[in-house]
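Asker: sharing a model prediction with you, sequence too.
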Amino acid sequence: MTTRVIGKPLPRVDGRAKVTGSARYAADFNQPGQVYAVIVSATAGLGRIAGVDSAMVESMPGVIAVITHRNAPRLPYGEHKSYIDPAVGERLHVLQDDRVRFYGQPVAIVVADTLDRAERAASSLKLAYEAERPIVDPADPTVEAIVPEGARHADTSRGDADAMLAGAPVMVDETYDIARENHNPMEPHATIAAWSGDRLTLWSKSQFVVNEQAEIAAIFGIPPENVQVICPFIGGAFGTSLRTWPHVTLAAMAARQTGRAVKLVLTRKQMFFTTGHRPRTLQRIAIGANADGRLTSLIHEGAGETSRYEQFTEALTSASGYIYSCPNVRTRYRLRQLDIGTPNHMRGPGEASGIFALECALDELSYSLGLDPIELRRRNEPEIDESDNKPFSSRSLMTCYDVAAGHFGWSRRTPEPRSMRDGRLLIGMGVASATYPAYHAPSSASVRLLPDGTAEVAVAASDMGPGTYTSMTQVAAETLGLPVEQVRFSLGRSDYPPAPSHGGSWTMASVGSAIRAACIAVQEKAVRQAVADQRLTVFGGAVDAIEWTGGRLRRRGDPSPGQSYGDIVSSLGKPIEAEASSQRDPDVAERYSMHSFGAVFVEVAVDPDVGTIRVRRAVGAYGIGRVVNPRLAASQCTGGMIGGIGMALMERTVLDPRDGRPVNAHMADYLVPVNLDIPKLEAHFVEEVDPHVNPLGVKGLGEIALVGMAPAVANAVFHATGKRVRTLPIRIEDVL
Ligand code: MOS
């Protein structure tokens, strides 16, 4: 009788709203009397603002306010840090002093009655700078590598990796350089701010609405309950909207200063300045192995870039500790501080970069050994997580290889580089492993059962595109025993029960488990109320002698159809509501190592004369616990693969060393894959039952989908051309 909806490939419940334009994104919430703000971005890369000439701009038609550090209100910038903010350092205080810390830092905000007038005024504002030359290249020899303060895993070691490397029969020892990337979702950052007395409403693009509420409250020194953040839809984000960046503060500041609702949308160019980026990384991987392919030593050293004012860290080297079996492992993680804005998590943060280096080095080792790259990984499959001596809650890496190899046709590959051709094109096939932690953060959820038999579920979560609306509706429908049409799921408001950030691949685990708990709580409450209601058939029954099946309540064993939520709520005369929270059992977290694993196969075609590299097809297989919606999960995976193609072959933010200006801060020169770059992509899921991770058995999928792609492409490029490229993106000139 139970409605089985978890595991069904349902289309998106919000699909119609999205394609018909009724889904409203932050900038769609136009307010009465709204005016328009435009940020003026610094055109110096370091130094101070020496002069502001705003008189001419203030007299331009339609201009309402010109706010710079000279006339901006001093904001309290109260203490507030969530886990999304770097643990060390202090966020940028916008328009609070004359210092310029990086190119593109907001130095003024202009407000006018129309967007055109605000843009024209902003572009006319004259600022003079005392500029110095910034340092923006982490490879600059004057830049010191610092130990991130308070980072738990900056240095790890087991055995003696350096000694074993020196004596290893077979070894590789190479360095890797991955370019800075910017997230570049379709929807730009946008905020509409409106004050009503001392209460502020923000319609704002955010992956973490409850944190945006707390952050803006702290910056303005007002109680969090005076701030409401609303964000029902997000047009892609990839991590760029995890933090609350300066433009949100500026929109709220401008709204308060002018007494009007203010709309502020960043330009594509401005999204390269103050909204985070994947840090450029410099890495070394050294691997020693016996002639049979067993690893004897693994050294992974890496450094990421950060700003001068905050230490952004990511898990660059962590996976090297657990992904394979190796008795001697040493990892080191460092930061290089530059005159840039603080980086931020970008899809697959840490692992995407670290695994690139490791998986390229393993491929290289497989050639030194004359061993199939999959067989090399098989020979180093660990029994347990050797970095902390815990069993894996589940691990299907080799099954993923088997499944993906079958779909891909790996057996057709001839191992010799340059040995496969299609006409004049060189064909290459490459593989790589992927992994990402299966996190679970505390979350809450509320459920209301209504007289018409429907249920309303609400959580302050976000949906940046993976299908959160749909998958959460499925969890609620299944737990309540209702058809999905009778469940309405809402998210994206800071006054809903709090959720963690929509990131880290933990939304399904965290929010899903909370929804499940809230649905169970509301059923228990309904039973307690129903047995006390003499108009209902279960009246007088013992609570534990009553059961829910298929959304209906009856005495256990009673053959009658029982009564529905609608019958019960109608009889009681008011909705039944419950709120519940969920978090991971700390004992289980202590006992198991929890990660998703996957295997990615790529075929490329390289033109030997002009060096163009095309990905022809990719096949990934993933062990991610239970798959709530295979259609959405496959879409999530192919999206991640596309991001991986971008990382491997296209994406690179280039900074001018003279002033730190991103020279390709627009979609014409910052290349991302387009339809013609995307061939056949396939995602498969291996059957995996993980009873430990959370009550739903889900491990998360958003990040791992990108993780193994770039090394699989690079390894395929080597197979096609015989050229080993250790810098990303791989360019035409690298293979000629
Ligand atoms: Mo994801 S980088 O945590 O949005």
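Answerer: Cool, got the structure. The model shown is predicted, which means the values in this text are computed figures rather than measured ones.

Asker: which residues of the chain lie near the ligand?
Answerer: Q207, F238, G239, L242, H345, M346, R347, P349, G503, G504 (C-beta under 6 Å from any ligand atom). The way it works is simple: take the backbone N, C-alpha and C, and place the C-beta from them, glycine included.

Asker: let's see it at 8 Å
Answerer: By C-beta under 8 Å from any ligand atom, the residues of the chain that approach the ligand are 207, 237-242, 344-349, 464, 501-505, 702-703.

Asker: per-domain residue ranges of this protein.
Answerer: As assigned by automatic domain parsing, the chain contains the domains 15-22+441-583, 31-132+186-236+241-272, 281-439+589-735.

Asker: can you redo the ones you listed as CSV with mean pLDDT and mean neighbour count?
Answerer: As requested, these are exported to CSV (pLDDT from 0 to 100; neighbours: other C-beta atoms under 10 Å):
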stretch, mean pLDDT, mean neighbour count
domain 15-22+441-583, 96, 20
domain 31-132+186-236+241-272, 98, 20
domain 281-439+589-735, 97, 22
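
Asker: quick one: which of these is nearest L165?
Answerer: With respect to L165, and counting by C-beta to C-beta, the nearest of these is domain 281-439+589-735 at 4.2 Å.

Asker: quick one: that closest one to chain centroid distance?
Answerer: Put simply, domain 281-439+589-735 sits 16 Å off its chain's centre (C-alpha atoms, centre = their mean, to the nearest Å).

Asker: shouldn't W245 be in contact with H189?
Answerer: Yes - contact criterion C-beta atoms under 8 Å: W245 and H189 qualify, at 6.8 Å.

Asker: need the overlap of contacts for these two.
Answerer: Residues touching both W245 and H189 (C-beta atoms under 8 Å, 6 or more residues apart in numbering): T275.

Asker: so which of the domains of the chain gets nearest S157?
Answerer: Of all the domains of the chain, domain 281-439+589-735 comes closest under C-beta to C-beta, at 4.6 Å.

Asker: end-to-end on stretch 135-153?
Answerer: Its start and end residues considered, stretch 135-153 measures 27 Å (C-alpha to C-alpha, to the nearest Å).

Asker: report the mean confidence score over it.
Answerer: Averaging pLDDT along stretch 135-153 gives 92.

Asker: my guess is D385 contacts S593. True?
Answerer: Yes - assessed by C-beta under 8 Å, D385 is found in contact with S593 at 3.5 Å.

Asker: any residues in contact with both of those two?
Answerer: Y322, P391, F392.

Asker: dump the residue contacts of the second one.
Answerer: Contact analysis of P391 by C-beta under 8 Å, 6+ apart lists I384, D385, R591, Y592, S593.

Asker: which of the residues you listed sits closest to C519?
Answerer: Y592 (25.9 Å).

Asker: show me what the longest helix along the chain is packed against.
Answerer: Looking across the chain with DSSP state H, the single longest helix is helix 507-530. On a contact count with 3 or more C-beta pairs under 8 Å, 6 or more residues apart in numbering; DSSP states H and E, helix 507-530 meets strand 443-449, strand 455-458, helix 468-480, strand 546-549, strand 552-555, helix 565-572, strand 576-582.

Asker: how big is the angle separating the longest one from strand 443-449?
Answerer: Spelled out, it's helix 468-480. 60 degrees (axes from the mean of the first three to the mean of the last three C-alpha atoms, to 10 degrees).

Asker: now the angle between helix 507-530 and helix 468-480, please.
Answerer: 40 degrees.

Asker: for helix 468-480, what is the distance to the chain centroid?
Answerer: The answer for helix 468-480 is 22 Å, by C-alpha atoms, centre = their mean.

Asker: can I get it in PDB, CA atoms only?
Answerer: The C-alpha coordinates for helix 468-480 follow below in PDB (Å, rounded to 0.1, in the frame of the first residue of the first chain):
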ATOM      1  CA  THR A 468      15.900  19.800  -4.400                       C
ATOM      2  CA  TYR A 469      12.200  20.700  -4.800                       C
ATOM      3  CA  THR A 470      11.500  17.300  -6.400                       C
ATOM      4  CA  SER A 471      13.700  15.000  -4.300                       C
ATOM      5  CA  MET A 472      12.400  16.500  -1.000                       C
ATOM      6  CA  THR A 473       8.800  16.200  -2.200                       C
ATOM      7  CA  GLN A 474       9.600  12.500  -2.900                       C
ATOM      8  CA  VAL A 475      11.000  12.000   0.600                       C
ATOM      9  CA  ALA A 476       7.900  13.600   2.200                       C
ATOM     10  CA  ALA A 477       5.500  11.800  -0.100                       C
ATOM     11  CA  GLU A 478       7.000   8.400   0.600                       C
ATOM     12  CA  THR A 479       7.200   9.000   4.400                       C
ATOM     13  CA  LEU A 480       3.700  10.200   4.600                       C
END
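
Asker: which helices and strands does that helix pack with?
Answerer: Going by 3+ C-beta pairs under 8 Å, 6+ apart, helix 468-480 lies up against strand 455-458, strand 487-490, helix 507-530.

Asker: now distance to I216 too, for the ones you listed, in TSV please.
Answerer: As requested, the helices and strands packed on helix 468-480 are arranged in TSV below (distance: least, C-beta to C-beta, whole Å):
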stretch	distance to I216
strand 455-458	21
strand 487-490	22
helix 507-530	22
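
Asker: among those, which comes closest to A648?
Answerer: helix 507-530 (26.3 Å).

Asker: tell me the contacts of the closest residue to Q474 other than its chain neighbours?
Answerer: Spatially, and ignoring its direct neighbours in sequence, Q474 is nearest to V5 (4.6 Å; C-beta to C-beta, 6 or more residues apart in numbering). By C-beta under 8 Å, 6+ apart, V5 lies in contact with Q474, A477, E478, P483, V484.

Asker: kindly recompute the last result at 6 Å.
Answerer: Q474, A477, E478, V484 (C-beta atoms under 6 Å, 6 or more residues apart in numbering).

Asker: for the ligand, give me its nearest residue in the stretch 301-450 of the chain.
Answerer: H345 (3.8 Å; C-beta to the nearest ligand atom).

Asker: err, the stretch 201-350 of the chain, not the other one
Answerer: For the stretch 201-350 of the chain, C-beta to the nearest ligand atom, closest residue to the ligand: G239, 2.8 Å.

Asker: tell me which element the closest residue to that residue other than its chain neighbours falls in.
Answerer: Once flanking residues are discounted, G239 sits nearest to H345: 4.1 Å by C-beta to C-beta, 6+ apart. Assessed by DSSP states H and E, H345 sits outside every helix and strand.

Asker: can you tell me how far H345 is from P32?
Answerer: From H345 across to P32, the span is 37 Å (C-beta to C-beta, to the nearest Å).

Asker: rewinding a little: can I get the CA coordinates of the longest helix of the chain in CSV?
Answerer: The C-alpha atoms that make up helix 507-530 are tabulated as CSV, following Å, rounded to 0.1, in the frame of the first residue of the first chain:
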residue,chain,number,x,y,z
THR,A,507,21.5,18.7,1.2
MET,A,508,19.8,15.4,0.4
ALA,A,509,21.3,13.8,3.5
SER,A,510,20.7,16.6,5.8
VAL,A,511,17.5,18.2,4.7
GLY,A,512,16.0,14.9,3.5
SER,A,513,16.6,13.3,6.9
ALA,A,514,15.0,16.3,8.6
ILE,A,515,12.0,16.1,6.4
ARG,A,516,11.7,12.4,7.0
ALA,A,517,11.9,13.0,10.8
ALA,A,518,9.3,15.8,10.6
CYS,A,519,6.9,13.6,8.6
ILE,A,520,7.2,10.8,11.2
ALA,A,521,6.7,13.4,14.0
VAL,A,522,3.5,14.7,12.4
GLN,A,523,2.1,11.2,11.9
GLU,A,524,2.8,10.4,15.6
LYS,A,525,1.1,13.6,16.6
ALA,A,526,-1.9,12.8,14.3
VAL,A,527,-2.3,9.4,16.0
ARG,A,528,-2.2,10.9,19.5
GLN,A,529,-4.9,13.4,18.5
ALA,A,530,-7.0,10.9,16.5
